[in-house]
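1. The following comprises the amino acid sequence and a computationally predicted model.
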Amino acid sequence: MACSRNQALGGAMLVVAYTGLIASADGITKLLAGQYAAAQLYALSGAMVAGFCLLADRMPRQRGGFRTRCPRAMALRSVATLIAAVCFFYAFRLLPFAEVFVFIGLMPLLAGAMSGLVLKEPVRPAAWIALLAGFAGVLFLLPHNDGGAHSGWGHLIAFGAVVSGTFSMTMARFIGRYESNALAQVLYPNLTLCGAMLVVLPFVWVPMPLADVAWAAAYAFLLFGARWLLVVALRLLASYAVTPLMNLQFIWMAVIGAVFFGEFPPASTYLGGAIVILSGLYLVWDQFGPPMPRLRTSGQLQTDP
């Protein structure tokens, strides 16, 4: 029980750190996205993140290479990461910012469903209630939208983004059952992203001043750290408990806006933040209980081993 408690708390702390890093990376994305195409940013960042992985593997305590016992699951994770990155980019282009985050709020529910279907990790009924409460909290966090043009394609792409993104995290937890090499799970998806974007890069390349190259490197470094922490967290904590905690990045955004830009959110944002935090804390606490029996393996996703 103590080991389970330590793992759950450790996983939760890693996710909180992840949200801080990814929120900072999102800020750099906002700075660069208006000047460069997605292929240029993703090709550069993917190559840099892969380079950081190679450097990290040279550290004496980390050295372990990039062999994986789950090549098919790793391939599925890499392709899902590629699809999610492209879909999120175009979802943010086609839809208002707030509408995309409504779809992101669905990720904990999708993670709960995939935990049962793919990982055979059943979700307790009380945890489903907490997941629904967390989604309601996300709705409170979102700014009120006065309307505007809605794109059916945008909604479809946003849904594809959250499904593929959740599936990528589910595969990360699956792989984590059989190996502890988190760097491999960061390297291969970013190599896939870089390789796919290099095909498009000659058609969209725009020369970058040195300052923007430095911002792109900072973005890649933050992304590398965030994804490494997330992979480790998914090994310690169930994916349906990780995804609600990821909504804490909304809180980071509200704090950064208030401290640096004098933008104070309405009371509904504080209420939504409290609901999201309580929902995430309950789901972490739920990990302390005795595990539910694994679901039958008939129809289980056949990957590796």
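-> Noted; the coordinates are in hand.
2. mind listing the strands in the stretch 151-300 of the chain by residue range?
-> Remark: no strands are assigned in the stretch 151-300 of the chain by DSSP state E, counting those that start in this stretch.
3. Poorly predicted segments of it, please.
-> For the stretch 151-300 of the chain, the stretches flagged by pLDDT under 70 are 151-152, 239-240, 243-244, 247, 250-251, 253-274, 276-277, 279-300.
4. which residues does residue 164 contact?
-> If a contact means Cβ atoms under 8 Å, 6 or more residues apart in numbering, then residue 164 has 80, 81, 83, 84, 87 as its contacts. C-beta: built from backbone N, CA, C; applies to glycine.
5. my read: the fourth one touches residue 161, true?
-> So the one you mean is residue 84. Yes: Residue 84 is in contact with residue 161 according to Cβ atoms under 8 Å; the separation is 5.4 Å.
6. For the stretch 1-150 of the chain, which segments are assigned as strands?
-> Using DSSP E, counting those that start in this stretch, strands in the stretch 1-150 of the chain do not occur.
7. for the contacts of residue 164, which one is nearest residue 21?
-> Nearest to residue 21 out of the contacts of residue 164 is residue 81 (Cβ to Cβ; 16.8 Å).
8. contacting residues for that closest one?
-> 164, 165, 168, 189, 190, 192, 193.
9. how close does it sit to residue 74?
-> Here residue 81 is placed at a distance of 10 Å from residue 74 (Cβ to Cβ, to the nearest Å).
10. now do residue 104
-> On the measure of Cβ to Cβ, residue 104 and residue 74 end up 24 Å apart.
11. and what of residue 200?
-> For residue 200, the distance to residue 74 - Cβ to Cβ - is 24 Å.
12. which one of the two has more residues nearby?
-> residue 74 (25 against 15; other Cβ atoms under 10 Å).
13. Just the pLDDT for the more buried one.
-> With respect to pLDDT, residue 74 scores 93.
14. Same question for residue 41.
-> 86.
15. In this model residue 32 seems to touch it, though I could be wrong.
-> Yes: Residue 41 lies in contact with residue 32 (Cβ under 8 Å); the separation is 6.0 Å.
16. Do you have the helices of the stretch 151-300 of the chain handy? List them.
-> Assigned by DSSP state H, counting those that start in this stretch, the helices in the stretch 151-300 of the chain fall at 152-176, 182-204, 210-236, 239-246, 248-261, 267-286.
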